[in-house]
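**Student:** mind folding the following:
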Amino acid sequence: MAKKEYDWLNGAELLDHTKRKLKILDDYLFDYLTIRCQLPQQQKFRLAIVDGFAGGGRYDCGSAGSPIVFIQGLERALTKINIDRLVQGLGEIELECLLILNDRDGEVVELLKRNCAPLLAAIKTQTPKLHVQPVFMVETFEKAHPEIKALIQQGRYRNVLFNLDQCGVSQINLDTVLDIMNVSSSVEIFYTFMVKSLLAYLSKNNPTRLASQLKALDVSAGEQTKLHQGTSNDAWMGAAERLVFENFHRFARYVSPFSINNPDGWRYWLIHFSNSYRARQAYNMVLHDNASAQAHFGRSGLNMLSYDPRDDEGQAYLFDTSGRKKARDQLMYDIPRLVTDQGDAISVEAFYEGIYNLTPAHRDDIHSAIGNNPDLEVFTPSGGKRQKSTTISAGDTLKMKSQKSFFPMFPPLPPKRKKRE
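**Tutor:** Residues are numbered from 1 along each chain as shown. This next block holds a predicted model:
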């Protein structure tokens, strides 16, 4: 069993990586709800949120833990949504949320109930359009999962968010992650773990596969120690990221294998699983809004893991201004090459579906690279030509121009850096 990281009953310390993670969760929930509640005729939206390792609700400093982040986030988002709708002359939306909060420690769950009670009571009087049904559970997540799954399916909740913030990987069987992705047609997971825990898990449960993957990444047995230590060396973060992606990409169509940016080393991973490119697109945008909260090492264009670690091709990408410039430069080459591989045209929706599992790029940077590219043009569903890249939509068609400018088949390679000793 993984080490217990937080002593909720005596005052849990809010660590820096957790603070960054909670900000991403808060921002993503807000964007998720505002995107999903846009239809003018819409009157209600239903979702389930599952916090599998909920904790006590508040840290020693008074800051909100994930359950309270979710409760406050629901209220904040719905208030903004309904104000905007009233301004537009639209009716308000009702939001119904099944909130399942689980922790294996009964005393911690009692503390959580006390911390949540004032917020839940206030919602009933202050935000009458928000209906939160809390379900508190005391169990290990593995044992709780069948009941959680049954509650979601019995309630016919199609929109489901899981937050699985464990201390290691030993508290969740990896096959359970796959089962969660089949709970409904629109489920997403935020999954946190330490990379050394993944290595230990694979060493114990699938040593042959681990050895094969490390060999493919050019990581020798003697060098695995650096991965276990979570060294701050960028190249080692890149090796770990590729290992993470190799082991998790089978669970969902879209997997973001990014590390939580930690100056002391690449130890913690916050992975987002989804089966919709729109969810991954929105997640990438949240990461850019929280620049340097997460980190990627590799390429910043459309093929983020297609670099050779032996040739020092990769670069650190922190979702910041510098990273976005690198991404736009690479996208100017990558997008025309992808369209050319299809022939000469591809629907924008198919383009999105094909790229979002392998790019950290912001949607606006992708659109900018299309609009500014001399070899590309975009057509609307009616056949008209898009004049502004900011109006590109999934129903459009992306096409290579008949008269192409000089476009090199192979972009210039980055300058070689000195080999590590």
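
**Student:** quick one: what helix or strand has residue 272 in it?
**Tutor:** According to DSSP states H and E, residue 272 maps onto strand 268-274.

**Student:** give me the contact list for that strand.
**Tutor:** 17, 21, 24, 177, 181, 187-195, 198, 240, 244, 248, 251-260, 262, 279-280, 283, 294 (CB atoms under 8 Å, 6 or more residues apart in numbering). All C-beta atoms are positioned from the backbone trio N, CA, C, and that covers glycine.

**Student:** after it, next one along is what?
**Tutor:** For strand 268-274, the following helix or strand on the C-terminal side (DSSP H and E) is helix 277-289.

**Student:** which strands and helices sit next to the helix or strand containing residue 243?
**Tutor:** Residue 243 belongs to helix 234-248 when assigned by DSSP H and E. Secondary-structure packing of helix 234-248 (3 or more CB pairs under 8 Å, 6 or more residues apart in numbering; DSSP states H and E): helix 195-205, helix 207-216, helix 224-229, strand 259-260, strand 268-274, strand 294-298, strand 315-317.

**Student:** which residue is the nearest non-sequential neighbour of residue 360?
**Tutor:** residue 296 (4.8 Å; CB to CB, 6 or more residues apart in numbering).

**Student:** I figured that neighbour hits residue 317, correct?
**Tutor:** Yes - using CB atoms under 8 Å, residue 296 makes contact with residue 317 at a distance of 4.4 Å.

**Student:** what residues do those two have in common as contacts?
**Tutor:** Joint contacts of residue 296 and residue 317 (CB under 8 Å, 6+ apart) are 304, 360.

**Student:** which residues does the nearest residue to residue 379 once chain neighbours are set aside contact?
**Tutor:** Nearest residue to residue 379 in three dimensions, chain neighbours excluded: residue 397, at 4.7 Å (CB to CB, 6+ apart). By CB under 8 Å, 6+ apart, the contact set of residue 397 is 345, 346, 347, 348, 378, 379.

**Student:** what do you get for residue 280?
**Tutor:** Residue 280 neighbours (CB under 8 Å, 6+ apart): 254, 256, 272, 274, 356, 357.

**Student:** how about low-confidence regions in the protein?
**Tutor:** Along the chain, segments meeting pLDDT under 70 span 1-5, 167-171, 200-206, 209-236, 262-267, 306-314, 403-421.

**Student:** for it, which residue occupies the most central location?
**Tutor:** Centroid check for the chain by CA atoms, centre = their mean gives residue 272 as the closest residue, at 3.1 Å.

**Student:** just list whatever residues bridge to that one.
**Tutor:** residue 190, residue 256 (DSSP bridges).

**Student:** so it versus residue 286, what's the distance?
**Tutor:** 9 Å (CB to CB, to the nearest Å).

**Student:** tell me, what's touching the two both at once?
**Tutor:** By CB under 8 Å, 6+ apart, no residue touches both residue 272 and residue 286.

**Student:** start to end distance for stretch 284-304?
**Tutor:** End-to-end distance for stretch 284-304: 13 Å, by CA to CA, to the nearest Å.

**Student:** I misspoke; the intended subject was stretch 385-397.
**Tutor:** 10 Å.

**Student:** with stretch 285-299 instead?
**Tutor:** By CA to CA, one end of stretch 285-299 lies 17 Å from the other end.

**Student:** contacting residues around that stretch?
**Tutor:** For stretch 285-299, contacts defined as CB under 8 Å, 6+ apart pick out 20-21, 23-24, 27-28, 31, 234-235, 237-238, 241-242, 256, 258-261, 266, 270, 304-307, 313-321, 323-324, 330, 360, 362-363.

**Student:** need the buried ones from the residues you listed selected in PyMOL.
**Tutor:** The following PyMOL line selects those of the contacts of stretch 285-299 that are buried, judged by 16 or more other CB atoms under 10 Å:
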select buried, resi 20+21+24+27+28+31+234+235+237+238+241+242+256+258+259+260+261+266+270+304+305+307+313+314+315+316+317+318+319+323+324+330+360+362
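
**Student:** what segments of the stretch 301-421 of the chain are strands?
**Tutor:** 315-317, 345-347, 376-379, 397-400 (DSSP state E, counting those that start in this stretch).

**Student:** of the ones you listed, which is nearest residue 150?
**Tutor:** strand 345-347 (38.8 Å; CB to CB).

**Student:** ok, the closest one: who's next to it in the sheet?
**Tutor:** Here, using DSSP bridges, strand 345-347 pairs with strand 397-400 (antiparallel).

**Student:** residues in contact with the helix or strand where residue 175 lies?
**Tutor:** Take DSSP H and E as the rule and residue 175 turns out to sit in helix 174-180. Identification of contacts with helix 174-180 by CB under 8 Å, 6+ apart yields 141-142, 145, 149, 162, 164, 187, 189, 191, 201, 247-248, 250-251, 273.
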